[in-house]
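[1] Sequence and predicted structure are below.
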Amino acid sequence: MRYLPHTEADRRAMLATIGARDVDCLFQDVPAAARLDQPIDLPAGQSEMAVERVFTRMAGKNLSAGCAPFFIGAGLYRHHVPAAVDQLLTRGEFLTSYTPYQPEVSQGTLQYLFEFQTQVAMITGMEVANASMYDGATACAEAAVMAARVTRKKKIVLSGNLHPHYVQTTETVTKHQGLEIEALAPDPFGFEDLMGRVDSRTACLIVQNPGFFGGIRDLTQLADACHEVGALLVVAVAEPVSLGLITPPGAMGADIVVAEGQSLGMGLQFGGPGLGLFATREKYVRQMPGRLCGQTVDQDGKRGFVLTLSTREQHIRREKATSNICTNSGLCALAFTMHLTLLGETGLTRLAKLNHAQAVRLEQSLRRVPGAKVISQTYFNEFALYLGDDVDAAEVVEKLAAKGILGGVAASRFYPHWPELRPILLLAATETNSQDDMAALVSALNEGL
Amino acid sequence: MRYLPHTEADRRAMLATIGARDVDCLFQDVPAAARLDQPIDLPAGQSEMAVERVFTRMAGKNLSAGCAPFFIGAGLYRHHVPAAVDQLLTRGEFLTSYTPYQPEVSQGTLQYLFEFQTQVAMITGMEVANASMYDGATACAEAAVMAARVTRKKKIVLSGNLHPHYVQTTETVTKHQGLEIEALAPDPFGFEDLMGRVDSRTACLIVQNPGFFGGIRDLTQLADACHEVGALLVVAVAEPVSLGLITPPGAMGADIVVAEGQSLGMGLQFGGPGLGLFATREKYVRQMPGRLCGQTVDQDGKRGFVLTLSTREQHIRREKATSNICTNSGLCALAFTMHLTLLGETGLTRLAKLNHAQAVRLEQSLRRVPGAKVISQTYFNEFALYLGDDVDAAEVVEKLAAKGILGGVAASRFYPHWPELRPILLLAATETNSQDDMAALVSALNEGL
Amino acid sequence: LEEPLIFEQGCPGRIGVDIADPGPVDEDRLGGLARQGAIGLPDLSEPQMVRHYTRLSQKNYGIDSGFYPLGSCTMKHNPRLSEKMARIPGLTDLHPFQPQSTVQGALEVIDLLAHWLKGLAGMPALAMSPAAGAHGEWCGLMAIRAYHDDHGDSRRTRVLVPESAHGTNPATAAMCGYSVDPVPANERGRVDVAALKAKLGPDVACIMVTNPNTCGLFEDEILEIARITHDAGAFFYCDGANYNAIVGRVKVADLGIDAMHINLHKTFSTPHGGGGPGAGPTVLSAKLAPYAPLPFVVHGTDGLELVEHAEQAPGAKPFGRVKGYHGQFGVFVRALAYILSMGADGLRQTSSDAVLNANYLLASLKDVLSASFDGPCMHECLFDDRFLKDSGVTTLDFAKMLIDEGFHPMTMYFPLVVHGALLMEPTESEAKETLDGFIAVIRALAAKAKNSEAEAFKAAPRLTPRRRLDETLAARQPILRWKHGANAEG
Amino acid sequence: LEEPLIFEQGCPGRIGVDIADPGPVDEDRLGGLARQGAIGLPDLSEPQMVRHYTRLSQKNYGIDSGFYPLGSCTMKHNPRLSEKMARIPGLTDLHPFQPQSTVQGALEVIDLLAHWLKGLAGMPALAMSPAAGAHGEWCGLMAIRAYHDDHGDSRRTRVLVPESAHGTNPATAAMCGYSVDPVPANERGRVDVAALKAKLGPDVACIMVTNPNTCGLFEDEILEIARITHDAGAFFYCDGANYNAIVGRVKVADLGIDAMHINLHKTFSTPHGGGGPGAGPTVLSAKLAPYAPLPFVVHGTDGLELVEHAEQAPGAKPFGRVKGYHGQFGVFVRALAYILSMGADGLRQTSSDAVLNANYLLASLKDVLSASFDGPCMHECLFDDRFLKDSGVTTLDFAKMLIDEGFHPMTMYFPLVVHGALLMEPTESEAKETLDGFIAVIRALAAKAKNSEAEAFKAAPRLTPRRRLDETLAARQPILRWKHGANAEG
């Protein structure tokens, strides 16, 4: 077997050194009743070529985004990732290394994490960021728990514009931690009153910006309202590219910013792995979950980097840890930081402008669809389209797919219990959409409604 | 522009240091009449995304081998290349380095070349090999010139079983070097008499094994005949995988072995770049063209590698050099040596057996095609199929292509002036063919004849 | 060579990605919230970026660089085929919210991997979406808690965890609202069954046992542990971090386990990538199956179906959703490529060879190092620092010395149950010659340590991009980001 | 760290590629020629192989590692996009003998690249198939000879080549059956036009001039050179190795050139890969166009057609075939990706920035090194060893010292027209900071050399995987391959 170097002669020689008759002897501590004498009844190993065939066959059953006019967003966005990112990512020294516990031979990982933390802090407008978490939804849940820890309060208010997966994940994570979740109704029209929900029992208010239905909100007053009663404002960002164009949460008073980093560096990957970004104010750093990289000096006085403040972590504090998370999303963070390094200030700004311009163009194109109306008053690169009172957006999506068009997501996929949301279609546009894509969508919508 | 780091401020600062008003001043030596003031009238630069679209569009106009039952060979064979090969090849330290003129920082390249030379010598059964040439055809031409140099004779005899591109390239290269080429007629039925062509004026006889039409030949007597009259026997190998199963030229008395290395490591790439392998006997090493890597020691006495015997090369000898070649096919040699390292003795042997077994299976399948007959008495993984007296193989190939089957090459593509070859189809089978592929071919042939 | 931070290399106006400036933005749709002021990101060109990350990578050590016997981390060979498969456009360029009819192949990847995991474990159900081992632990405990809650059994507030457990175990139990009660180890490095029995009772929700445990030993009384746990009405959660030692040779179900996470990045060799992403699917017994979290894949009438809401699957009582979207799909593809490559026979061979290698290290080193427990061990072998007694050399010094010999150190100071632990996990992908080279170096270093050459150890490593780093300084005065003028190169 | 040869790592029975053993071979079809005895190849597993080549790569320096100012070699940034494009299955998994209807996209790649090369050069025709620069030179001279032969002009037996030419030029001329007559340089480092004129005559087939020349200077009398050459009935072959200095700013046709090869790997940045593969398409004037070698692509009625035999193209008089198949297709894809990325504007900027960088080095170093000629130079700048006079330090020593500072050395001892040459080509992909760092180091080393610190120079490099290697020993007792027991590690 190509991954296993031992020959039978090697094995015999090693067993002789050990003083064991055969390998089975080494498994003597396994209760006899549980020892299998034969391989489990599943297929035998296959060559590379055969395995490639299996995956090629499965891939052939999918319609990949690049082969269709594609307008799906809803928290994950399709952007063009420069070729250099993936090629550098696969360098064995990055790909096959472990968590940098031995800093002397891990300065590569540590330095990019330090750079990553800085970039995340910069784009969110915050002071510090951690070295990444699983994804945006789990980062959001961690923010809720952290806010409760910081404020010693129990009520978590979730905006109706927060991504439903973030809502659900936060509900699950907090379920047995003595917290009280107040999740507001979905809010595609932007009517919700958040100010009224914040009171002295509130640990935090969690809002998304741009919202799940697209809207961009000025959070300054909300932040003030939170701070007045001793609550924290947590802002979730599902589309980090937006931060190249719109005012960052940090500048509007956010105390914690969580985000999904997938937009940069990673591609869609059917939604996983993601990359949770987590940033906060310096004063809360010791309450922040997740791994942190810090600057220090070596024995010779040279600048170097190490994992630090690990006293917050579970392998030191065990049941008192800030969270049970013991990995980050290292490679995803690397992809993110590499893409953002290529973009830089100039590139991120332009990319964000281009995305917004594409969405504006899409909205304009959709004016040619009778009865349909963009209901998001403000948006970055995604908005909610109301298709008409009797139209089921989910059916429209299926009709479009039958024509080879991946034309957004129906709101009802997330909110099956809200009949009033049935006519709503979420549509995203990015730099990857051509004018032909938009024309194809408009024409198919006209046929399909 | 993403590949160009200078900002306008950089340029101004540098011009100030130089003392030039603008960049145009630096081009003052170009005659005014030839200086262009504007970019040439061709399109402007494009983003990665736009360039990807152009290539994706062009790729879409091709039927790639992996998407069809595929039986084309004729000197280039489709094999499965393990994923590790390409991923290691793209490591920047390999990919972006130059010819290893500074051995202290090029031991990576030099060591793999040394290993490559050894592998090539081993599989061909020869004593030494060079560090690669452009491709099999040019290596063949170089062998002819070298044989003339070694023997001080002028006649080069080319077997009718030598790949027509090798024949043509050798004719072109030798055209003005005072050599006389005697190229025999194409020989699909294996009737040619080579012994009778070798005489005291002969510098070398060049044969291919397995031959262009598939046949495998015992070359021992030919070698003896050559050596008796002071000529060299040059053997060309278009399918190096065959060397895992059949007696190597070195064991049959060859003096020079040239080969196309594409089969290992590289994939088809529409035929280029190729990889010329060149091996010979130790006594001829100073007459051998191409770059050579040799073992030596460094200042501390440690084993190391350098380019050596460069006195044969053109930058030292100028018009007296052994050839004008000043590059090799470094990356292709790396791909080849990596693939062969993964295969090893066990893998190359098995791969060769499997290829032969596949060809035997293909021949058996073709018995179900009435009127068609395999005319190669012996073969490795490719043979000539005679389709019937009135059948034009070129038309059959087109009909197969229309059905999405890449069913071999018509001999007439190479020999348009030989009407008797019109019914002959060259068919190759490798490990990449499935049983379904073979069934599809047989069924389409039955419909199409 | 020194490599500056990107922030020290940028120059405004450079660009690494060509993007047409779309001109002035129509701000109507931005609600007056266009960004004011600069972000502060540096501008680099593509050549600079490529060189930067190439150079950074050269300051790293990976499995590809050499032997990496980091105990409890399973640093085995990461096949490049898996990487290639994960980059097939039809498998990577897919959005999780595409209509299900357009992602049947992706659902098949999930389903096929689930089929293998269930088959290997002998368990009837699993949760695919946990993103890492600790996430899978939590998922398992949430399912257990959901079961108890669903059965109105609210008395169960305690979770029993052996002292040798990974730190995530108690943290996980705490996240589920449980109090944690530690169980001592016996002198053979295993759970003290008598002590466990004494702690079991109607208030225990479950036990969390790592098996093979963190000392690299198989819990040989595991059937008894399972029996008494079940007798007490509690569940048996197994931390599957060391599942690679037994995959293909032991079915988890046969050990009486009710739930166990499987670290795909360990047992099935997806890259660790400097700390993730991982994936921690969690196999579940029939009792726990209904409580598996959303989403999951079922076989429907029109092919595979992704269940995103509880009411789509009759009988399901999911405890919730554990993360966004449908799981670590990119990791699934890699793990499945590995599994299909290995097959049932190859997987059995991996655990056999992993255990063989660890026992070979143990046998070859136990006369010079101090083995904490007698063999046979499983996939890793544990030593403590008794052999360094009076040498002036610590476990840390010893490990750092190995770096200069070209090896990554073993795990140090874990597990906590022995003093100055050195935990070595050789993995099955290492050849005998590699182990022999490592053994020779360890033996030489042990002799050196005993020979009062502590100074050399204290100075190690000396051949690395950086020498020992001041971790205390980093924690006392945290510098967690670059700021203009504040991070001068030392 | 030392990395043994693969032959020292193998172990019979290991495998790095799983291939089912097809069982006993039916030897009927092998004609009794089944191989007897072993080949001798070592058997390695995939993990060993991956580690071997990873470690070997770490002993190499590439552009990705740092500044690589190797004169005349054009070590510029190799875009990763080009690599990605060259791996699109629809562009790489194609056989050259597929029916032409199934490879229209591949023919379009060739045709589109040809369109750009002709447009940039202003030339009407080209030969696409040459595999490298020297191969293109030969192709150009073969076309020239074919013209003369076709016109019955058999008197032309001489080729004039400047002394400063690349060594391939005279070798190429000799391969075409010509004798070579060297032309001296003038004191300004250019072709001595008077001497050239004196040598021109009815027996001269062509001249071969490198422009910009190997001293990094533009042949400012090039129009006069072309005129007198043409007046003598000879052709003007230009060695296009340094075309990168003028691409987009000068059309080759406007210089009176009849044929010129273009090194795609230099001007259009395909990777040099430790010595190839390259590609050397050769542009041709209208007179030479009919003689272009086979095969070539033409626009036919049913799309693009590949002409493989002369009679398929009326009027074509191809001089033959220069290699197997249709050219360096994989290199074409990469070069075209670069060209489309850059565009006409970007290409003009590359030559501008390349020349700017070289002049910046020249201006910044001429007071401490000895510049061989006054500026402005083109894309590279030439120094000689006068500045090292009496220092005891040679050009070689100076170059080796640079290695320890993290830079690849410049080209040494070429061109031959100056003593102890140091030829630096910075390329447009280098940032000003990189050049400034290099300048500072060169200045410091020059001071050190003048300060009688020759010992340090003689000992350099010291931080590399190997120190200076004994090239004399290698040539005197050539060891060109591994043999069992004969290549002991030093």
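    That came through fine.
[2] Now do the domain split for chain C, please.
    C:82-338, C:344-474 (automatic domain parsing).
[3] burial count for the residue in the stretch 151-300 of chain C that chain D sits nearest to?
    As assessed by C-beta to the nearest C-beta, chain D sits closest to C:Ser269 within the stretch 151-300 of chain C, at 10.5 Å. Backbone N, C-alpha and C define where each C-beta goes, glycine included. A total of 30 residues lie near C:Ser269 under the criterion other C-beta atoms under 10 Å in any protein chain shown.
[4] tell me the contacts of it?
    With contact taken as C-beta atoms under 8 Å, 6 or more residues apart in numbering or on different chains, C:Ser269 is in contact with A:Tyr3, C:Lys76, C:His77, C:Asn78, C:Pro79, C:Ser82, C:Arg334, C:Ala335, C:Tyr338.
[5] Of the domains of chain C, which is nearest B:Ala9?
    Minimum separation from B:Ala9 across the domains of chain C (C-beta to C-beta) falls at domain C:344-474, 32.7 Å.
[6] Average pLDDT for that closest one, rounded please.
    Per-residue pLDDT values over domain C:344-474 give a mean of 96.
[7] touching chain B at all, that domain?
    No: with C-beta under 8 Å from any C-beta of the partner chain as the threshold, domain C:344-474 lies outside contact range of chain B, at a closest distance of 13.0 Å.
[8] anything in that domain near chain D?
    Yes: remark: domain C:344-474 sits within contact range of chain D at C:Gly406, C:Ser429, C:Glu430, C:Ala431, C:Glu433, by C-beta under 8 Å from any C-beta.
[9] Indicate the residue of the stretch 301-450 of chain C located nearest to chain B.
    C:Ala337 (9.5 Å).
[10] going on from whichever strand or helix holds that residue, what's the next piece of helix or strand?
    Here C:Ala337, judged by DSSP states H and E, is contained in helix C:329-365. Beyond helix C:329-365 on the C-terminal side, the first helix or strand identified by DSSP H and E is strand C:370-371.
[11] what does that next one contact?
    With C-beta under 8 Å, 6+ apart as the contact definition, strand C:370-371 has outside contacts at C:Leu362, C:Leu365, C:Cys381, C:Leu382, C:Phe383, C:Asp384, C:Asp385, C:Arg386, C:Phe387.
[12] repeat that with 6 Å
    Applying C-beta atoms under 6 Å, 6 or more residues apart in numbering or on different chains, the set of residues contacting strand C:370-371 from outside is C:Phe383, C:Asp384, C:Arg386, C:Phe387.
[13] before we move on, what about stretch A:174-194?
    A:144, A:148, A:154-161, A:167, A:171, A:213, A:215, A:222, A:384, A:415, A:424, C:176-177.
[14] Looking at those, which are in helices?
    A:Ala144, A:Ala148, A:Val167, A:Glu171, A:Leu222 (DSSP state H).
[15] show me which of those residues neighbour chain D.
    Checked against chain D using C-beta under 6 Å from any C-beta of the partner chain, those yield no neighbours at all.
[16] What is the nearest of those to D:Gly320?
    The shortest separation between D:Gly320 and any of the ones in helices among the contacts of stretch A:174-194 is 72.9 Å, and it belongs to A:Val167 (by C-beta to C-beta).
[17] Just give the number of residues close to that closest one.
    The burial metric for A:Val167, expressed as a neighbour count using other C-beta under 10 Å, is 25.
[18] Could I get the contacting residues of it?
    Under the criterion of C-beta under 6 Å, 6+ apart, the contact list for A:Val167 reads A:Leu158, A:Ala183.
[19] separation between it and A:Leu268?
    Between A:Val167 and A:Leu268 the computed distance is 22 Å (C-beta to C-beta, to the nearest Å).
[20] is chain D contacted by the host helix or strand of A:Leu110?
    Counting by DSSP H and E, the element that carries A:Leu110 is helix A:107-124. No: in this structure, helix A:107-124 remains apart from chain D according to C-beta under 6 Å from any C-beta; the gap is never smaller than 12.8 Å.
[21] Could you pick out the residues of chain C near chain B for me?
    Applying C-beta under 6 Å from any C-beta, one finds that chain C approaches chain B through C:11, C:13-18, C:45-46, C:54, C:80-81, C:84.
[22] Mind putting those residues into a markdown table with secondary structure?
    What follows is those, written out as a markdown table (DSSP: H, G, I helix; E, B strand; the rest coil):
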| residue | secondary structure |
| --- | --- |
| C:Cys11 | coil |
| C:Gly13 | coil |
| C:Arg14 | coil |
| C:Ile15 | coil |
| C:Gly16 | coil |
| C:Val17 | coil |
| C:Asp18 | coil |
| C:Ser45 | coil |
| C:Glu46 | helix |
| C:Thr54 | helix |
| C:Arg80 | helix |
| C:Leu81 | helix |
| C:Lys84 | helix |
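[23] Using CSV, please lay out those residues together with distance to D:His309.
    Compiled in CSV, the residues of chain C next to chain B are given as follows (distance: C-beta to C-beta, whole Å):
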residue, distance to D:His309
C:Cys11, 55
C:Gly13, 54
C:Arg14, 51
C:Ile15, 48
C:Gly16, 47
C:Val17, 46
C:Asp18, 43
C:Ser45, 47
C:Glu46, 44
C:Thr54, 47
C:Arg80, 42
C:Leu81, 42
C:Lys84, 39
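[24] Filter those down to the buried ones and hand me the ChimeraX line.
    Command for ChimeraX that selects the buried part of the residues of chain C next to chain B, burial taken from 16 or more other C-beta atoms under 10 Å in any protein chain shown:
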select /C:11,14,15,16,17,18,45,46,54,80,81,84
